[in-house]
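K.L.:
Any chance you could fold what I've pasted below:
(2 chains)
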2 protein chains.
Amino acid sequence: MSEELRTVWWEQGAVCLIDQLRLPHEQLVVRCEDVATVAKAIKTMQVRGAPAIGCTAAYGMALAALVSPAADVVALLADLETAKVFLDSQRPTAVNLAWATERVLAKARQLGPEVDGPRALAEALLEEAHAVLTEDLAMCHAIGDHGAPLIPAGGRVLTHCNAGGLATAGYGTALAPMRSAFAQGRSIHVWVDETRPFLQGARLTAWELHQSGIPLTLITDNMAGYMMKSGKVDCVIVGADRIVANGDTANKIGTYSLAILARFHGIPFYVAAPTSTIDLSMEHGDLIPIEERSSDEVTHLAGQLIAPVGVNAAHPAFDVTPAELITGIITERGVVTPPFVPGLRRVKEGA
Amino acid sequence: MSEELRTVWWEQGAVCLIDQLRLPHEQLVVRCEDVATVAKAIKTMQVRGAPAIGCTAAYGMALAALVSPAADVVALLADLETAKVFLDSQRPTAVNLAWATERVLAKARQLGPEVDGPRALAEALLEEAHAVLTEDLAMCHAIGDHGAPLIPAGGRVLTHCNAGGLATAGYGTALAPMRSAFAQGRSIHVWVDETRPFLQGARLTAWELHQSGIPLTLITDNMAGYMMKSGKVDCVIVGADRIVANGDTANKIGTYSLAILARFHGIPFYVAAPTSTIDLSMEHGDLIPIEERSSDEVTHLAGQLIAPVGVNAAHPAFDVTPAELITGIITERGVVTPPFVPGLRRVKEGA
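P.N.:
A predicted model of the protein is given here:
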């Protein structure tokens, strides 16, 4: 087994990240010593993937506390409220962002009356951020354990975007079942959708699977149907940005199309995500806000214009896959199969 | 109405072409004053698309006649035989290329005994080349006339790759119904799939629609399902590389997935192509050989490496859409709807 990948970590008073915008050609570390740099890393997608954003945001809150000039705990709490609003505003669709900032803020509110001043509170919040990361890694391994047995004997899994180690603290969600099956010595082959416009599949998933020695073949997104028809795909496993109460799932644009293609070909379609991704407050997927990103990301590649000047492009960053198209949802607390409403409630509430 | 797009034309003793390798960033005209330059334009794909190659080759033969130093008709016919072999060898698999050169050569053989010397013969052959182009434009306009009424009232059409004016003498096949509807003053909006890996949609279709003033929005291939679900697509129209006897259709990779998505959403899915694309000798689509191209075309985008070094990629260049997923096939002789077997035979044989 190769050494485990680290996506985000705390080091000497700074939040450190692998700059995912530079992968796969350069492996650079971004050092964030203030909240603005953390926010920028989230917004510009130097760090991306809901759990990794959650870990980053938790550390961002700890950093906000550590660098705050607040003279007392009340002032620090006010600074943290401000930091939360600021961090949350960077990526509206990812539920883990607000979840992580809320967790740290709640801890601050809880500990505030007890601790010996703002510095002590800040140190406690750093411990809370560390806990977010440790729990994230444990969560990913649990998803791997639950998901690996679902991969059919052929072992040929198609995935989209990057719900891998780079999207988490280091092991992945959608990639976790493949990593676990591979670690168990099973034959695994991953079809990696390149995932336009940002190419998270080509740049990140291909990179981390290749680093881990897991066999893969890169394809353009429009080849998935052909591969399924050719009998070369045994199942699809993707990540999720938000799973709502009825099982409807928001994920990277293109996921919805894949789910339709899988259904058409009778291929199981799984979503792998931590229970933190489940949002029971939302009844169905039509309520999920879809982030519309800049059309420049479609018309350009690495700064190079690939379309005619003056042409409009659309860029919905996510789509919503209806629950009816999902075979099962793999969480760290087990696999949820239809009916999703009670199943998701059970894993979410740990009941 | 904007001026009509010209892909290839005759001007003051030269074959002129839009250099499609430079699109969309530069609009350069290649002026071919000798046969070698025509051959190079075909070989290097400055001109591409079977009908456009045919027109270019016909003019290439006329040019060969006009620049020939032959003192008599017999010598000129010998020069034309040489020119045909030379032109045909540039893209050996392009059926329209050999078809067009043969047509001009046959005309030369037919007129040779009657005309008043080599100059008169050359002038007659230029008329024949003009006829090839005129007939191609008429074919495209007929496809447009037959196809325009099929576009639902909303006028929002999704297309893939480039089966446009740039692939023909200037009006297109899949784009013809949109052009005709637009010329009739109807509200038209085209969703243009960028069409990875070669980006024919982003580079060529977006460019020519923009030039013609037809509203468009560029999307990545994986956005099509989302746009359909959002109720923003009224129909899909694509081109074809080969249509076999039962209606199964080979076209650019990604077409098959689009057809499944259209079916899932209850959206009409049309193929537009000249009857020359219909191959009645093949019974069904499983018999169509699928060209596997270099994986470098997937791991690179616009000349830049986008995947990690050492990663494998697949590159099937085409896929086959089964007839069951096709609503209708728009030809210059009318629209064929199921059952396709008798319908295709009728239009192909002009019966």
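
K.L.:
What distance do you get for residue A:139 to residue A:173?
P.N.:
With distances taken as CB to CB, to the nearest Å, residue A:139 is found 8 Å from residue A:173. For glycine as for every other residue, the C-beta is placed from the backbone atoms N, C-alpha and C.

K.L.:
Isn't residue A:167 up against residue A:48?
P.N.:
Yes - using CB atoms under 8 Å, residue A:167 is in contact with residue A:48, at 6.7 Å.

K.L.:
Name the residues contacting each of residue A:139 and residue A:173.
P.N.:
A:51, A:274 (CB atoms under 8 Å, 6 or more residues apart in numbering or on different chains).

K.L.:
In contact with residue A:227, which residues are there?
P.N.:
So residue A:227 contacts A:158, A:191, A:219, A:233, B:314 (CB under 8 Å, 6+ apart).

K.L.:
In helices only, show me the residues you listed.
P.N.:
Among the contacts of residue A:227, no member falls in helices (criterion: DSSP state H).

K.L.:
For residue A:167 and residue A:48, indicate the residue with more neighbours.
P.N.:
Set side by side, residue A:167 and residue A:48 show more neighbours around residue A:167, with 30 against 24, by other CB atoms under 10 Å in any protein chain shown.

K.L.:
State the number of residues packed around the residue lying closest to residue A:263 once chain neighbours are set aside.
P.N.:
The shortest distance from residue A:263 to any non-neighbouring residue, by CB to CB, 6 or more residues apart in numbering or on different chains, is to residue A:325 (5.4 Å). Applying other CB under 10 Å, we find 20 residues neighbouring residue A:325.

K.L.:
for residue A:50, same thing?
P.N.:
Using other CB under 10 Å, residue A:50 has 28 other residues around it.

K.L.:
wait, what's in contact with the nearest residue to it once chain neighbours are set aside?
P.N.:
Once flanking residues are discounted, residue A:50 sits nearest to residue A:96: 4.1 Å by CB to CB, 6+ apart. Residues near residue A:96 by CB under 8 Å, 6+ apart: A:50-51, A:53-54, A:57, A:276-277.

K.L.:
hmm, try it at 7 Å
P.N.:
By CB atoms under 7 Å, 6 or more residues apart in numbering or on different chains, the contact list for residue A:96 reads A:50-51, A:53-54, A:276-277.

K.L.:
I'd like to know which of those are part of strands.
P.N.:
Counting by DSSP state E, those place none of their members in strands.

K.L.:
Scan the helices and strands of chain A for the one with the lowest mean pLDDT.
P.N.:
When the helices and strands of chain A are scored by mean pLDDT, DSSP states H and E, strand A:300-301 comes last with a mean of 83.

K.L.:
next helix or strand past that one?
P.N.:
Remark: after strand A:300-301, the chain's next helix or strand is strand A:304-305, criterion DSSP states H and E.

K.L.:
Contacts made by that next one with the rest, please.
P.N.:
Contact partners of strand A:304-305, identified using CB under 7 Å, 6+ apart, comprise A:299, B:302, B:304.

K.L.:
wait, isn't residue A:205 in contact with residue A:191?
P.N.:
No - with contact defined as CB atoms under 7 Å, residue A:205 does not reach residue A:191; the gap is 10.3 Å.

K.L.:
Settle it for me: which of these two has more neighbours?
P.N.:
Taking other CB under 10 Å, residue A:205 and residue A:191 do not tie; residue A:205 has more neighbours (33 against 23).

K.L.:
any idea how far that one lies from residue B:64?
P.N.:
Separation of residue A:205 from residue B:64 (CB to CB): 53 Å.

K.L.:
Residue A:271 too?
P.N.:
According to CB to CB, residue A:271 and residue B:64 sit 62 Å apart.

K.L.:
Stretch A:311-328 - what's its average pLDDT?
P.N.:
For stretch A:311-328, mean pLDDT rounds to 97.

K.L.:
go on, stretch A:332-349?
P.N.:
Stretch A:332-349 shows a mean pLDDT of 97.

K.L.:
Can you give me the buried ones in that stretch?
P.N.:
A:332-336, A:340, A:343-344, A:347-348 (16 or more other CB atoms under 10 Å in any protein chain shown).

K.L.:
what sits against the closest residue to residue A:184 other than its chain neighbours?
P.N.:
Setting aside the residues directly before and after it, residue A:184 is nearest to residue A:148 in space (CB to CB, 6+ apart), at 6.4 Å. Residues near residue A:148 by CB under 7 Å, 6+ apart: A:177, A:180-181, A:184.
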